[in-house]
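# here is a sequence with its predicted model. Questions after.
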Amino acid sequence: MSSLLITGGRVIDPANSYDAVADVFLRDGKIVAVGNDAAKSAEANDERLDARGKIVCPGLIDLHVHLREPGQSAKETIATGTKAAARGGFTTIVCMPNTSPSIDNPAAVALVKEKAEREGVINVFVAGAISKGLAGEELAPIGSLKQAGVVAITDDGHCIQNNELMRRALEYARMFDLPVMDHCQDYALVTDGVMHEGYWSAALGLRGWPAAGEDMIVARNILLAELTGTRIHCQHLSSARSVELLRAAKKRGVPISGEACPHHFVLTDAAVAGSEEFWREDGKKVFGYDSDTAKPVWPKYDTNFKMNPPLRSATDREAVLEGLCDGTIEILCSDHAPHCDYEKEVEFDYAPFGITGFETELPLSLMQLYHTQRLSLPDLIAKFTVAPARLLKLDKGTLGVGQDADVTVFDADAEWTYDRMASASKSRNSPFGGWRMKGRVAATVVAGKIVHREI
Ligand SMILES: [Zn+2]
């Protein structure tokens, strides 16, 4: 069977509070040894990976991604999506159920799992729907979904508005010990908003998506989590108030958690007004862009800056960063949401929400959290490994001996420029094309096999 010795890297395993220069030896899909004498377990002809000067950590987990299968394979397939994820350093991802048809029944779960087994290059776990067809009217068969192997339920892309239905979902989820994740959006408040409601929506003449539309559901979720004792994980938090609500609720011991995506802590709504407006003020807070060096350029109303929830104000961006730093927000993820060019190349109002994210997620997080010296590397890595593994009760996210041999090797300091046209994803809808990045994946190892390497 296959063996791999990863030598000389700085091994960071937050789950075991391990941080030292060491070797990691993998055999038959498992971690066999970590430490200075790990090489002793290896034989002369075992494959080696020189990780000197690099970080070696548990394979990164992204618990919020859209792979678009079944039904939307023009945007992405499990094959292309998992390749892009591997390039971004991810060994495990969780795909959302808002496909066509949606993943709201055991047959759909089986279909995705089978396809992922056959065509995926990394581990794919499936999230099932909370409600049938994600319509928010009738509960999906939560027990059968669990039996079929989903690791969580969510109506992501949609949000159950009926609080009683949400309560029942939580009660069922508790019976089946299934985490509930929620895309927080109050439909009555948000209506058909396309960007953050504020100065820029008024200036640009675009309909506003007020932060209160997110805060309202985060508050609802806190109350329902308290009432039912069931944990709710709030997806892609973007507003200052929702971070504040989460912080206070966690202090009270409410079983609630949250995640954040890089676009919400790099960009602001000024970006929708074009690059010039963004760099004028808000862009100065982006790591590496405070000087007079060349900056990426994009026009007004660029639909690659349209996502749900939307880019918010500089105050909101700062609150999300603070929430990540003080532990209020435990998890980092991409909300990788590929769309075809022809769908995005329309007026801002008509473009679908969402951007790709796998390949820029780690460097942007390193830039805004680690290179700004706000978060240590172990704390940052924890948000991509042990924290999502714990939430979803996955036996992943650590380099403990005997664990699955999923490992990510990256250079925290390597500088490079992102070329979205060269993406491994089937889609190109990233707002970060032409951006200088600091931090680059060197190798991605799944079950002891190198699935992506740059060294
Ligand atoms: Zn969502």
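Thanks, I have the structure now. Note that the coordinates shown come from a computational prediction; the quantities given were computed from them, not determined experimentally.

# need phi/psi at the residue of the chain found nearest the ion.
Closest contact between the chain and the ion, by Cβ to the ion, is at residue 183 (3.6 Å). Every C-beta, even on glycine, is put in place using the N, C-alpha and C of the backbone. Here is the backbone geometry of residue 183 (degrees, to the nearest 10): phi -90, psi 110.

# contacts only, for it.
By Cβ atoms under 8 Å, 6 or more residues apart in numbering, the residues touching residue 183 are 154-159, 235-236, 308.

# what's the closest non-adjacent residue to it?
In space, and not counting its chain neighbours, residue 183 is closest to residue 156: 4.5 Å by Cβ to Cβ, 6 or more residues apart in numbering.

# give me the neighbour count for that neighbour.
25 (other Cβ atoms under 10 Å).

# residue contacts, it?
Contacts of residue 156 (Cβ under 8 Å, 6+ apart): 64, 96-98, 127, 181, 183, 235.

# same check on residue 435?
With Cβ under 8 Å, 6+ apart, residue 435 has these contacts: 296, 360, 417-418.

# drop anything exposed from the residues you listed.
296, 360, 418 (16 or more other Cβ atoms under 10 Å).

# the first one and residue 276 touch, don't they?
To tie it back to what came earlier, the one meant is residue 296. No. Contact criterion Cβ atoms under 8 Å: residue 296 and residue 276 do not qualify, at 11.3 Å.

# and the buried ones among the contacts of residue 435 as CSV, adding secondary structure, distance to the ion and pLDDT?
Compiled in CSV, the buried ones among the contacts of residue 435 are given as follows (DSSP: H, G, I helix; E, B strand; the rest coil; distance: Cβ to the ion, whole Å; pLDDT from 0 to 100):
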residue, secondary structure, distance to the ion, pLDDT
296, coil, 25, 97
360, helix, 18, 98
418, coil, 23, 97
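
# pick out whichever of the residues you listed sits closest to residue 118.
Checking the buried ones among the contacts of residue 435 against residue 118 with Cβ to Cβ, the nearest one is residue 360 at 27.7 Å.

# now the closest one, nearest residue through space, not along the chain?
Per Cβ to Cβ, 6+ apart, closest to residue 360 is residue 432, 4.8 Å.

# against residue 413, how distant is the one you found?
19 Å (Cβ to Cβ, to the nearest Å).

# so for these two, which sits in the more crowded spot?
The residue with more neighbours, out of residue 432 and residue 413, is residue 432; 24 against 14, by other Cβ under 10 Å.

# my guess is the more buried one contacts residue 418. True?
Yes. Assessed by Cβ under 8 Å, residue 432 is found in contact with residue 418 at 5.2 Å.

# common neighbours of the two, please.
Taking Cβ under 8 Å, 6+ apart as the contact rule, residue 432 and residue 418 both touch residue 360.

# what residue ranges in this protein score low on pLDDT?
1 (pLDDT under 70).

# which bits of it sit near the ion?
Residues of the chain found near the ion (Cβ under 5 Å from the ion) are 156, 183.

# hmm, 6 Å instead?
The chain comes close to the ion at residues 156-157, 183, 235-236, as judged by Cβ under 6 Å from the ion.

# switch these over to a markdown table; also include distance to residue 4.
Output for the residues of the chain next to the ion, formatted as a markdown table (distance: Cβ to Cβ, whole Å):
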| residue | distance to residue 4 |
| --- | --- |
| 156 | 35 |
| 157 | 38 |
| 183 | 38 |
| 235 | 34 |
| 236 | 35 |
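
# check those and tell me the two furthest apart.
157 and 236 (10.9 Å).

# more neighbours, these two?
The neighbour comparison of residue 157 against residue 236 (other Cβ under 10 Å) goes to residue 236, with 23 against 20.

# quick one: residues contacting the more buried one.
Counted by Cβ under 8 Å, 6+ apart, residue 236 has contacts 64, 183, 259-261, 264, 309, 333, 335.

# apply 10 Å and report the result again.
Shown in contact with residue 236 (Cβ atoms under 10 Å, 6 or more residues apart in numbering): 64, 156, 181, 183-184, 214, 258-261, 263-264, 307-309, 320, 333-335.

# that one belongs to a strand?
No. Per DSSP: H, G, I helix; E, B strand; the rest coil, residue 236 lies outside any strand segment and is coil.

# could you check how far it is from residue 320?
Distance from residue 236 to residue 320, by Cβ to Cβ: 10 Å.

# swap in residue 415?
Residue 415 is 25 Å from residue 320, by Cβ to Cβ.
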